[in-house]
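In: Just to be clear, the model below is a prediction. Sequence and coordinates:
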Amino acid sequence: MTHVSLQTPRTLSPGKSYLPERGKQSAREAPSVRAGRRLSLGKGLSYGWIFGPIVLLAFWSLGSALDWIDPRILPAPWVAVTTGTSLAAEGRLLPNILVSAERVGSGLAFGILAGVLLALFSGLTRFGGYLIDGVIQIKRAVPIYALIPFFTLWFGIGEGMKITVIAVAAFYPVYLQTHNALRSIDLRYVELAESLRLTYRDFLRHIVLPGVLPGFLLGLRFSVMAAWLSVIIVEQTNATRGIGYMINLAVSYAQTDVMLVGLVLYAILGVASDCAVRLLQRGLLSWQRTLAG
Amino acid sequence: MATHSGGLKMRWLTAAFLGLIVASARAADLPLDAPIPDTVPPGTVLRVGGQHDLEFTLAGERDKLPFKLEFANISAGPPTINAFHAKALDVGFSNDIPAIQAAWLGLDVRIVAVRLRKNPEAPAFQFGIAPKAGIASLSDLRGKKIAFSPGQAQGSVVLRTLKQYGIRRDEVELVELPSNGNSYLNALAANLVDAAPLSQIPIKRYAADYAKDGGKVLAPYGIKDNPLILWVRTDTLKDPAKAAALKLYLAAWARSTRWIDTHPDQWVDTWYVKDQGISAEDGRFLETQLGHPDIPQDWTQVIRDEQETIDFMAEETGRKPFDATKLFDRRFETVAGAAFIKP
């Protein structure tokens, strides 16, 4: 990042790279380093992350097929497929997914909005930091599960309570990562903005926005996951639809196969939404060059 | 200046206070011994716990009621008490233990309908015995680890069983564990406890799945059923509109209960199989477990039994016993019972 000083641009704009091309850089600018020693990880495979899950799935299948795994403790992986297919055919899967997705969507929207606004307020002003950050750090230590009875007292047993809980769960990661990214913006950029006499608006646009975006997007990834995970908790209270309800119902009828379908569904939905955020991340952070490559 | 602003403040306070009184008075409160009004004013909403939506529709009771009926899927004790605290629920549907528990927690509640079973010889709760427990009959419980949930019917079943078999509380190890979903089944399967009271599907599932390891299910003898109850906050009873709606609701509930009892096949198919997604066989098992309902028109015996339960629970859990009649609103005594037997 120090190379920026070599060619001091008049303004820094997000989405535009100010770093020299990678290949040229190593050839031209590091004569003192021994040649041939590479410290980066090398080029990654595009779907390399699938490897671990495949090993796990193979182990699970083998264990089930050879009767090493007690089906009362963990049903075979294909049970999830057969039960899932028959549930889908009976029309039990999609309506539940849609209801939960709607709850997750609204909760996420409120949570992200509140997370970003409060992070900006507490990250960019001293007063905001004193007022908000402490409260949030304390609340972070309280498990959301323990809050449900109080949320019932404050917000009732309806849809409002459920969405509030999801919003609270989604709020924290976005807030924490955004706030952290804001407060770790390199002072040199701030000084640069000062010496260029940028207006506050330009400062927000050209320094704060690109500085905060990676943190925000990381927070978003955690938030999306947290929102899905909290569904199972909120759908314990007065729900008659949703994936969480489906799993809770299966638990009370001791239907291990349906519980397994619920878990697989969770994994699929979680990974799918995570992929969506990662796509967004790649699009918005295309200017970043990191070890991950 | 000081006295002036002080006087002003007092006046404001008085005004605010009076405003508060006026606001809280609403329509005049219905005294707890006044007859229940027959007319339900328009706009009345009654929020009821338990999933009776389907049975009301099937029994044709859903559209007959002249007020808005909302069902909330809440029936276990702790969430019901919580929803009562939040004033989010008007009528609770559970067994009697949570109502006693609520009274001890200082919540002013009344039972307005009671549902018993006609064949109490088939116990609602049976003890699952862990594979490695070494228990052949329930008199072997002495010295064993037993799952215990003080605020739930499961807790009272454990205590009553110990008493029935002449085992003192300090002769066993009571492991505090709330019963939710299949937590007791899992605890047994993992040998975390030696015995735990099971009800409904877990009885069947546990017996079928763990028999080959040595797990079994034992039915206790001479243990009284916990009645199912409909119960309300007294605040709900003081609201004339809700009280009138409640009276109509109780009669409709009794008729739909009778409908289920007289249409078991249709009920198993539409509720257990189509709505809840379990097999017809499991559905029939639950239907049999539930037995035939009995909604008494005379609460004399019910209240006597409840007093015994209160005294017993008080003694076992170190609470203060109280008068069981305080827990019942006898203005509703015949409402559900009469509707239940009416042809």
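Out: Everything's here; your move.

In: residues from chain A in reach of chain B?
Out: Applying C-beta under 8 Å from any C-beta of the partner chain, one finds that chain A approaches chain B through A:72, A:87, A:90, A:92, A:149, A:152-154, A:156-158, A:237-240, A:248-249, A:251-255, A:258. For glycine as for every other residue, the C-beta is placed from the backbone atoms N, C-alpha and C.

In: and with 10 Å instead?
Out: Taking C-beta under 10 Å from any C-beta of the partner chain as the criterion, chain A approaches chain B at residues A:70-73, A:87, A:90, A:92, A:148-158, A:161, A:235-241, A:245-256, A:258-259.

In: can you map out the helices along the stretch 1-150 of chain A?
Out: Taking DSSP state H, counting those that start in this stretch as the criterion, the stretch 1-150 of chain A carries its helices at A:22-29, A:51-65, A:77-89, A:93-124, A:126-128, A:134-140, A:144-155.

In: of those, which approaches residue A:181 most closely?
Out: helix A:93-124 (8.2 Å; C-beta to C-beta).

In: what separates that closest one from the chain centre, distance-wise?
Out: Between the centre of helix A:93-124 and the centre of its chain there are 12 Å (C-alpha atoms, centre = their mean, to the nearest Å).

In: Mind listing what's buried along it?
Out: A:93, A:96-97, A:99-101, A:103-104, A:106-108, A:110-112, A:114-116, A:118-124 (16 or more other C-beta atoms under 10 Å in any protein chain shown).

In: Can you tell me the closest non-neighbouring residue to whatever residue of chain A ends up closest to chain B?
Out: Here the residue of chain A nearest chain B is residue A:251; by C-beta to the nearest C-beta that distance is 3.5 Å. Using C-beta to C-beta, 6 or more residues apart in numbering or on different chains and skipping residues adjacent in sequence, the residue nearest residue A:251 is residue B:181, 3.5 Å away.

In: Check what pLDDT the one you found gets.
Out: In this prediction, residue B:181 carries a pLDDT score of 75.

In: try residue A:273
Out: As summarised for this prediction, residue A:273 has a pLDDT of 91.

In: What residues does the stretch 51-200 of chain B have near chain A?
Out: When proximity is defined by C-beta under 10 Å from any C-beta, the stretch 51-200 of chain B lies next to chain A at B:51, B:53, B:70-76, B:78-79, B:81-83, B:85-89, B:180-183, B:185-186, B:189-190, B:198, B:200.

In: Distance of the spatially closest residue to residue A:178 that is not a sequence neighbour relative to residue A:127?
Out: Spatially, and ignoring its direct neighbours in sequence, residue A:178 is nearest to residue A:119 (3.7 Å; C-beta to C-beta, 6+ apart). Separation of residue A:119 from residue A:127 (C-beta to C-beta, to the nearest Å) stands at 15 Å.

In: Who does residue B:228 form a beta bridge with?
Out: Applying DSSP bridges to residue B:228 yields these beta-bridge partners: residue B:95, residue B:115.

In: And the helices in chain B, which stretches?
Out: Secondary structure of chain B by DSSP state H: the helices cover B:2-25, B:53-58, B:77-85, B:96-104, B:153-164, B:183-189, B:201-210, B:234-238, B:240-262, B:264-267, B:280-290, B:300-317, B:333-341.

In: Just list the residues touching residue B:201, thanks.
Out: Neighbour list for residue B:201: A:252-255, B:182, B:185, B:272, B:278, B:282-283, B:285-286, B:289 [criterion: C-beta atoms under 10 Å, 6 or more residues apart in numbering or on different chains].

In: Show the contacting residues for residue B:156.
Out: By C-beta under 10 Å, 6+ apart, the residues touching residue B:156 are B:95-97, B:100, B:125, B:149-150, B:197, B:223-224, B:226, B:309, B:312-313, B:316-317.

In: Please indicate which of these are buried?
Out: Applying a neighbour-count criterion of 16+ other C-beta under 10 Å, the buried members of those are B:95-97, B:100, B:125, B:149-150, B:197, B:223, B:226, B:309, B:313, B:316.

In: export those residues to CSV and tack on distance to residue A:53 and pLDDT?
Out: Below are these laid out as CSV (distance: C-beta to C-beta, whole Å; pLDDT from 0 to 100):
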residue, distance to residue A:53, pLDDT
B:95, 45, 90
B:96, 49, 92
B:97, 46, 90
B:100, 50, 94
B:125, 42, 91
B:149, 38, 88
B:150, 43, 81
B:197, 40, 95
B:223, 49, 81
B:226, 47, 85
B:309, 53, 91
B:313, 51, 87
B:316, 51, 80
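
In: Relative to residue A:260, how far out is the residue nearest to residue A:68 when sequence neighbours are not counted?
Out: Spatial nearest neighbour of residue A:68, excluding adjacent residues (C-beta to C-beta, 6+ apart): residue A:62 at 7.8 Å. Residue A:62 sits 17 Å away from residue A:260, taking C-beta to C-beta as the criterion.

In: and if you look at residue B:119?
Out: For residue B:119, the distance to residue A:260 - C-beta to C-beta - is 36 Å.

In: With neighbour numbers in mind, choose between those two.
Out: For the pair residue B:119 and residue A:260, the greater number of neighbours falls to residue A:260 (21 against 10), based on other C-beta atoms under 10 Å in any protein chain shown.

In: wait, what's in contact with whichever residue of the stretch 151-300 of chain B sits closest to chain A?
Out: Each residue of the stretch 151-300 of chain B has a distance to chain A, by C-beta to the nearest C-beta, and the smallest belongs to residue B:181, at 3.5 Å. For residue B:181, the residues meeting the contact criterion (C-beta under 10 Å, 6+ apart) are A:236, A:247, A:248, A:249, A:250, A:251, A:252, A:253, A:254, A:259, B:202.

In: and those residues, which of them are in helices?
Out: Secondary structure of the contacts of residue B:181 is defined by DSSP H; positions in helices are A:247, A:248, A:249, A:250, A:251, A:252, A:259, B:202.

In: Quick one: buried ones out of those residues?
Out: Neighbour-count burial within these applies to A:247, A:248, A:249, A:250, A:251, A:252, A:259, B:202; the criterion is 16+ other C-beta under 10 Å.

In: If we ignore the residues flanking it in sequence, what's nearest the last one?
Out: Meaning residue B:202. Counting by C-beta to C-beta, 6+ apart, residue B:185 is the residue found nearest to residue B:202 once chain neighbours are left out, at 4.4 Å.

In: residue contacts, the one you found?
Out: Contact partners of residue B:185, counting by C-beta under 10 Å, 6+ apart, are A:251, A:254, B:128, B:179, B:196, B:198, B:201-203, B:205-206, B:209-210, B:215.

In: what's the closest of the residues you listed to residue B:65?
Out: Within those, distances to residue B:65 taken as C-beta to C-beta reach their minimum at residue B:201, with 31.7 Å.

In: Quick one: neighbours of the closest residue to that closest one other than its chain neighbours, just the number.
Out: With C-beta to C-beta, 6+ apart as the measure, residue A:253 is the residue that lies nearest to residue B:201, at 5.0 Å, once sequence neighbours are left out. The burial count assigned to residue A:253 is 23, neighbours taken as other C-beta under 10 Å.

In: Thanks again, I'm all set now.
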